[in-house]
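Trainee: pasting the sequence and the predicted coordinates here, then a few questions.
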Amino acid sequence: MKSGTVKRRGTRTERASGKMERDFPLEHIRNIGIMAHIDAGKTTTTERILYYTGKTYKMGEVHDGAAVMDWMVQEQERGITITSAATTCQWNDFRINIIDTPGHVDFTIEVERSLSVLDGAVAIFDAVEGVEPQTETVWRQADYYMVPRICYVNKMDRTGATFNKSLEMIKEKLDARPIAVQIPIGIEETFRGVIDLVKMKSVVWKDEMGEEWEYEEIPRDLREKAEEARHSMLEEVAEFDDELLEAYIHGGEMSTEMITRATRRGTIAAKIVPVLCGASLKNRGVQPLLDAVVEYLPSPADVKAVEGENPYTHEIEARPASDEEPFSALAFKIMSDPYVGKLTYFRVYSGKLDTRTSVLNSTRGHKERIGRILRMHANHREDLEVVCTGDIIAGVGLKKTMTGDTLCDPAHPVLLEPMSFPEPVISVAIEPKTKMDQDKLTESLNRLSDEDPTFCVDFDEESGQTIISGMGELHLEVVVDRLVREFQVDANVGKPQVSYRETITVPVKGVRGRFVKQTGGRGQYGDITIDLQPLKRGAGYEFESKIHGGEIPKEYIPAVDRGVQEATGSGSLAGYPLVDVKAELVGGSYHAVDSSELAFKVAGAMAFKEAVRRAKPILLEPIMKMEIMVPEGYIGEVISDINGRRGRIDNISTEAGRQKLVVFVPLAETFGYATDLRSLTQGRATYHMDFFRYEEIPAGISQEIIARAKGH
């Protein structure tokens, strides 16, 4: 019988000097994210990880508002994760850098930018609910960034928990290949441990805190079930290791090392997803999950070398994960810290960096000096002197660096792939309550927009209003709450406004834009002709030059493009941005003395605005895809309400004894829906909402919006 207990320790090098030398081999580092649907147990699991690795000495509970990783006041009050928090811990001579990400759709950007710099992820599932809507969203994001994953089916102690249902849903809904490396011992209130199918031992916890566990023989009544599950596991993983495959086919000895090696290879190749189970709130299953993180997920040395473009030669260059390579890193998060100012989180892909060193921001083309380097533990910090390849840390002193920027060795410049962010879909007007708050409001909003690329601030010159935009009602609610509490700014906030768009419906040809200005001395002359055509939904903006024979000098063509792009910012109907249009520059003329980039830029904007007026513009509104889980007895009321919101039902199915509705509803009709749904179903229904696409607004409603925009 083998037992285990929690070991609490820190690295001597860190405690003695605060310096971070390469006290862990690169192969012993794991950069992972914890991701899942809201309320699946991400933060609770992370709190257990910190406790069992000795990082904390008390488990913080989400429901008590005491979770270490949910350190913001807004997170503690709502019991949800809003911002991705980073920390570092140690398990069996491995360093694990962890980012705990939000589960609410309004904060998906936090997941997006975390996944872009992680090597692996732990996806957590509720054993009762299985695959939930936001799980699908983050899973697709992980697919995009090709992040290897392991799965942890949490809440096995809940009434209605089923391990096999979660496996089936992972396979069907996520198009994944789940491999159970554990099966539960007991279920619901009888859940007490797991059977490790690799070691073929049962793991049973002996105390309420989950600090002591033992490896025991598999209970006799579960032996046959365990053998069947092990056979299924071996059948799947054997293909990733020739030695294991040979032993499996010929009935030879299959060691734990062989099975682990094969499973690791399949996981890193993103061909399979190992699945474990537990009940984090009851302190069961977390230590084997930590073992799985170090056994199956990749180190920085296991992943493909990051590639980027040399900003001067435009050649693609690789940066292998090595301290000997030139320094390269990606800034993935900006945060305002009340004690040290602006914090820039970055992931080091290659090389080493000393504090108080200058680096090149190759995205913006200027040098930055890093005054301090900090290892973060949620909102606590520890000073370091050196960072190495594979580390995720925060820097102080980077004044102009933004999310998605590349930091590199000035002598070896490289530009890594930047991040892309979704556009905001909801806006509100905000104004300071007093004149004293005016400057504070402007400064605070700028700092918040630096932190969050999906939060935008605009000033409407016509109305004199400041407009803030975000990903949803909760997103903006949290921003306003932070303004009051963090930045001590009192402000009045208007009702939520939808971010409409405009587009064109018919092509137009031969529209001329001519800008001629003579003021005595050198004048301005720009003359162009463009064609305009609509594009399919979601295509955005395109520009193409069809100029031949020198009608317009090449150096003026980019200026025309800039003028047209700027003109897309305000449509002719109600002043909303124009999307899904293609402008083609087909003709023009120039003056040898008076022509300039400015003149052609203005001519481009003039031609575009006139072309849009002729192209039968229409208004578009954001449509949301909503998934609603409703008890049987309330389905009629919910459908009736959706119909009253201009929604359309796409699908109705039965899941876990409840009706699941998939509907498409205009964003403008969803404000306050959470409250209304609670009233309709006595609080028993739940819903999840994602942006789907922009669609044309019905004529009657469109006319109302246009009239309102023009002040009629």
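Mentor: In hand now; what should we look at?
Trainee: after the single longest strand found in the chain, which helix or strand is next?
Mentor: If you go by DSSP state E, the chain has its longest strand at strand 618-630. Next helix or strand after strand 618-630 toward the C-terminus (DSSP states H and E): helix 635-644.
Trainee: point out where the stretch 501-650 of the chain drops to low pLDDT.
Mentor: Within the stretch 501-650 of the chain, the stretches with pLDDT under 70 are 520-521.
Trainee: repeat that for the chain.
Mentor: Within the chain, the segments meeting pLDDT under 70 span 1-22, 55-85, 100-113, 338, 378-380, 460-464, 520-521, 656, 712.
Trainee: what is the neighbour count of the residue nearest to residue 115 when sequence neighbours are not counted?
Mentor: Residue nearest to residue 115 in three dimensions, not counting chain neighbours: residue 145, with 4.8 Å by C-beta to C-beta, 6 or more residues apart in numbering. Every residue, glycine included, has its C-beta placed from N, CA and C. By the measure other C-beta atoms under 10 Å, the count of residues near residue 145 is 13.
Trainee: give me every residue that touches residue 145.
Mentor: For residue 145, the contacting residues are 115-116, 118, by C-beta atoms under 8 Å, 6 or more residues apart in numbering.
Trainee: buried among the residues you listed? Need that as a selection in ChimeraX.
Mentor: A single ChimeraX command selects the buried members of these (16 or more other C-beta atoms under 10 Å):
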select :115,116,118
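Trainee: from the contacts of residue 145, which is closest to residue 586?
Mentor: Distance to residue 586, by C-beta to C-beta, is smallest for residue 116 among the contacts of residue 145, at 39.7 Å.
Trainee: residues touching that closest one, list them.
Mentor: Contacts for residue 116 (C-beta under 8 Å, 6+ apart) come out as 145, 330, 332, 419.
Trainee: equivalent analysis for residue 445, please.
Mentor: The contact partners of residue 445, by C-beta under 8 Å, 6+ apart, come to 430, 457, 466, 468, 483.
Trainee: for the third one, give the beta-bridge partners.
Mentor: Listed by DSSP bridges, the beta-bridge partners for residue 466 are residue 430, residue 459.
Trainee: in this structure it contacts residue 430, no?
Mentor: Yes - the pair residue 466 / residue 430 is scored as a contact, 5.4 Å apart, by C-beta atoms under 8 Å.
Trainee: find residues that contact each of those two.
Mentor: Between them, residue 466 and residue 430 share these contacting residues under C-beta under 8 Å, 6+ apart: 441, 445.
Trainee: which residue ranges form the helices in the stretch 501-650 of the chain?
Mentor: 557-567, 597-614, 635-644 (DSSP state H, counting those that start in this stretch).
Trainee: so which of these is nearest residue 213?
Mentor: helix 635-644 (44.8 Å).
Trainee: thinking again about what came up before, show the backbone phi and psi for the residue nearest to residue 115.
Mentor: phi -90, psi 0 (degrees, to the nearest 10).
Trainee: who are the contact partners of residue 618?
Mentor: Counted by C-beta under 8 Å, 6+ apart, residue 618 has contacts 502-505, 573, 696-697, 702.
Trainee: out of the contacts of residue 116, which are buried?
Mentor: Buried subset of those (neighbour count, 16+ other C-beta under 10 Å): 330, 332, 419.
Trainee: just checking: what are the partner strands of the helix or strand hosting the first one?
Mentor: Right, residue 330. Element membership for residue 330, per DSSP H and E: strand 328-337. Partners of strand 328-337 in the sheet, by DSSP bridges, are strand 341-350 (antiparallel), strand 406-408 (antiparallel).
Trainee: show me what counts as buried in the first one.
Mentor: In this case it means strand 341-350. For strand 341-350, a neighbour-count test (16+ other C-beta under 10 Å) marks 342-350 as buried.
Trainee: do stretch 640-647 as well
Mentor: In terms of neighbour count (16+ other C-beta under 10 Å), stretch 640-647 has its buried residues at 641-642, 645-647.
Trainee: which one of the residues you listed is nearest residue 680?
Mentor: Proximity of the buried residues of stretch 640-647 to residue 680 (C-beta to C-beta) peaks at residue 641, which lies at 6.1 Å.
Trainee: was I right about that closest one contacting residue 680?
Mentor: Yes - Residue 641 lies in contact with residue 680 (C-beta under 8 Å); the separation is 6.1 Å.
Trainee: look up the closest residue to residue 37, ignoring the ones flanking it.
Mentor: Per C-beta to C-beta, 6+ apart, closest to residue 37 is residue 132, 3.7 Å.
Trainee: thank you, goodbye.
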